[in-house]
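A.B. asks: got a structure for you, letters missing:
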């Protein structure tokens, strides 16, 4: 039981709190703060269950994309804020840091390996979120995004 808490619940709680903190930057108010936090925790949980791989990042971004699309329609708010805030815990900032550290230290092989993994993570996040959003809009075309009044 303690392993489940330390391996899954605690990291998801931290992702939730980090996302709630980032809602201040994106000017998200009220219940939207909690929804964005839940999106971040959901994404992190999917990433952990997927094994912390590039494919797991893709699945996490897809889960975040679908969650954000649904919540934006339920609350009639723009989807962008929910997606961006929820993806923040998955952004590979550490990978960029370590890649540059290896580059400066002259460790070319480690630099290239870390850099390619970081680019793979970033690409997986972008493709996963966009693919999920596009698929959601294709499957549910009658659900208009908030603010779209065209017939």
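C.D. replies: Noted; the coordinates are in hand. What you see is a predicted model, and the numbers here were worked out from it, not measured in a lab.

A.B. asks: drop to CA atoms for contacts and neighbour counts, all remaining ones
C.D. replies: Noted.

A.B. asks: For the protein, identify the residue most remote from the centre.
C.D. replies: In terms of distance from the mean C-alpha position of the chain, residue 106 ranks first, at 32.1 Å (CA atoms, centre = their mean).

A.B. asks: Next, it: phi, psi?
C.D. replies: phi 80, psi 10 (degrees, to the nearest 10).

A.B. asks: Now do the phi/psi pair for residue 43.
C.D. replies: According to degrees, to the nearest 10, residue 43 has phi -60, psi -40.

A.B. asks: How about the contacts made by it?
C.D. replies: Contact analysis of residue 43 by CA atoms under 8 Å, 6 or more residues apart in numbering lists 60, 61, 63, 64, 86, 87, 90.

A.B. asks: could you redo the last one with a cut-off of 6 Å?
C.D. replies: Contacts for residue 43 (CA atoms under 6 Å, 6 or more residues apart in numbering) come out as 60, 64.

A.B. asks: ditto for residue 53
C.D. replies: Contacts of residue 53 (CA under 6 Å, 6+ apart): none.

A.B. asks: gap between it and residue 134?
C.D. replies: The gap separating residue 53 from residue 134 is 23 Å, by CA to CA, to the nearest Å.

A.B. asks: What ranges in this structure fall below the confidence cut-off?
C.D. replies: For the chain, the stretches flagged by pLDDT under 70 are 1, 143-151.

A.B. asks: List the buried residues of the helix ranked longest in it.
C.D. replies: Identified as the longest helix of the chain according to DSSP state H is helix 108-139. Across helix 108-139, burial judged by 16 or more other CA atoms under 10 Å covers 111, 114-115, 117-118, 120-122, 124-133, 136-137.

A.B. asks: same question, stretch 81-93
C.D. replies: For stretch 81-93, by 16+ other CA under 10 Å, it's 81, 82, 83, 84, 85, 86, 87, 88, 89, 90, 92.
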